[in-house]
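**Q** Got a predicted structure here, sequence first:
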Amino acid sequence: MPTTKQVNYKPVVHFDKIRQFESILRLKMSKICIENRILNIFLK
């Protein structure tokens, strides 16, 4: 766990990590959506 001093010292790096995590989450969500659509097409 980083201390508050480290977070305050490098807020940009911390923010970049959060944005990177968000983008990865979005990619995974979109992939799941696409897979669900493909499954639905095959099931119909």
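**A** Alright, I've got the coordinates. Numbering: from 1, shown residues only.
**Q** May I ask you to name the longest helix in this protein?
**A** helix 11-43 (DSSP state H).
**Q** List the buried residues of it.
**A** By neighbour count on 16 or more other Cβ atoms under 10 Å, the buried set for helix 11-43 is empty. In this view, the C-beta of every residue, glycine as well, is placed from N, C-alpha and C.
**Q** tell me the mean pLDDT for it?
**A** When pLDDT is averaged over helix 11-43, the result is 88.
**Q** what's the distance between that helix and the middle of its chain?
**A** Centre-to-centre, helix 11-43 and its host chain are 6 Å apart (Cα atoms, centre = their mean, to the nearest Å).
**Q** Which strands or helices does it pack on?
**A** Using 3 or more Cβ pairs under 8 Å, 6 or more residues apart in numbering; DSSP states H and E, no helix or strand is in contact with helix 11-43.
**Q** In space, not sequence, find me the middle residue of this structure.
**A** By Cα atoms, centre = their mean, the chain has its centre lying nearest to Leu25, at 2.5 Å.
**Q** now that residue: how far from Lys31?
**A** Leu25 is 11 Å from Lys31, where distance means Cβ to Cβ, to the nearest Å.
**Q** cool, Ile38 as well?
**A** 11 Å.
**Q** Same question for Asn40.
**A** The spacing between Asn40 and Lys31, counted by Cβ to Cβ, is 15 Å.
**Q** Appreciated, that's everything.
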